[in-house]
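A.B. asks: here are the coordinates; sequence isn't available:
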């Protein structure tokens, strides 16, 4: 079964509906990830039809490991995205110089000549991004040089996303932990609709709710910054899947793909085994009644 491709907004990118997120392979969730794990994971992703890879200087060893894994791979066979603004040595630096430095460093680590997407990452304030000789001007200059093909914003705050979209200077947004079975704020708060109106590409990160929806009993997890509502919804979903003997990952990932206003959902598999599980979950047959029953659980915000 081939992976569906979707046009990423007004970009020229036809991306796989599922992409490979680089946080897990960077080792930020655990320290047992090896370089070989990344090589095997990337090989499986590309041979399985995944053509979009996203990373960040924030994700530990992710850029370096991906650089090893992508060495010698046809550059036209995949799209590559990274970020600026959250490098450990340049935290919340959205200046011209800081942006050029981090992009140059990312190019070296990844062994790349250009990025298909460069995302401004997690600004606490949006003003420095738009400022004279700020990150946005730097990225626009890099686009003129051919180093950056498309510019995006990656973070949670919808007001910042909406400002970026309405400026008409951004091509893509990446929102995370904002659209999955227990949280749909990207839709209910109008972000997806505004993005569609402006023909902006939408990347969906953290579909597993920062680990709460992976199929492990949420009551056994110790997730940092856990929101009580999220934990309660995830537990309710887990118990329901257990009682119905349903593959939780299959429902989580396939529910994201059912949303046409999202172009690519990122899976943060840290090794080949996890990616195999995610791919199998995508192709698993789910009875139609499951989707109707899922609605009656009322798992999303304001309902739990």
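C.D. replies: Cool, the structure landed. The structure presented is a predicted model; accordingly, all values stated were derived computationally and were not measured. Numbering: from 1, shown residues only.

A.B. asks: Need the per-residue pLDDT for the most far-flung residue of the chain relative to its centre.
C.D. replies: Here the chain reaches farthest from its C-alpha mean at residue 243, the gap being 30.2 Å by Cα atoms, centre = their mean. Note on residue 243: pLDDT of 96.

A.B. asks: Over to residue 300?
C.D. replies: pLDDT for residue 300: 86.

A.B. asks: Hmm, residue 184 and it touching each other?
C.D. replies: Yes: judged on Cβ atoms under 8 Å, residue 300 makes contact with residue 184 at a distance of 4.9 Å. C-betas here are computed from N, CA, C, even on glycine.

A.B. asks: so where do the strands sit in this structure?
C.D. replies: Using DSSP state E, the strands found in the chain span residues 5-7, 14-16, 18-21, 52-54, 79-84, 117-121, 151-154, 172-176, 201-205, 264-267.

A.B. asks: So which bits of stretch 107-124 are buried?
C.D. replies: Neighbour counts over stretch 107-124 (16 or more other Cβ atoms under 10 Å) mark 107, 109-112, 115-123 as buried.

A.B. asks: Kindly indicate which of these lies nearest residue 236.
C.D. replies: Nearest to residue 236 among the buried residues of stretch 107-124: residue 122, at 29.6 Å, using Cβ to Cβ.

A.B. asks: show me the contacts for the residue nearest to the closest one when sequence neighbours are not counted.
C.D. replies: Among residues not flanking residue 122 along the chain, residue 155 sits closest, at 4.7 Å (Cβ to Cβ, 6 or more residues apart in numbering). For residue 155, the contact set (Cβ atoms under 8 Å, 6 or more residues apart in numbering) comprises 121-123, 161, 174-176.

A.B. asks: Tabulate the buried residues of stretch 107-124 (JSON lines), appending pLDDT.
C.D. replies: Formatted as JSON lines, these follow (pLDDT from 0 to 100):
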{"residue": "107", "pLDDT": "98"}
{"residue": "109", "pLDDT": "98"}
{"residue": "110", "pLDDT": "98"}
{"residue": "111", "pLDDT": "98"}
{"residue": "112", "pLDDT": "98"}
{"residue": "115", "pLDDT": "98"}
{"residue": "116", "pLDDT": "98"}
{"residue": "117", "pLDDT": "99"}
{"residue": "118", "pLDDT": "98"}
{"residue": "119", "pLDDT": "98"}
{"residue": "120", "pLDDT": "98"}
{"residue": "121", "pLDDT": "98"}
{"residue": "122", "pLDDT": "97"}
{"residue": "123", "pLDDT": "98"}
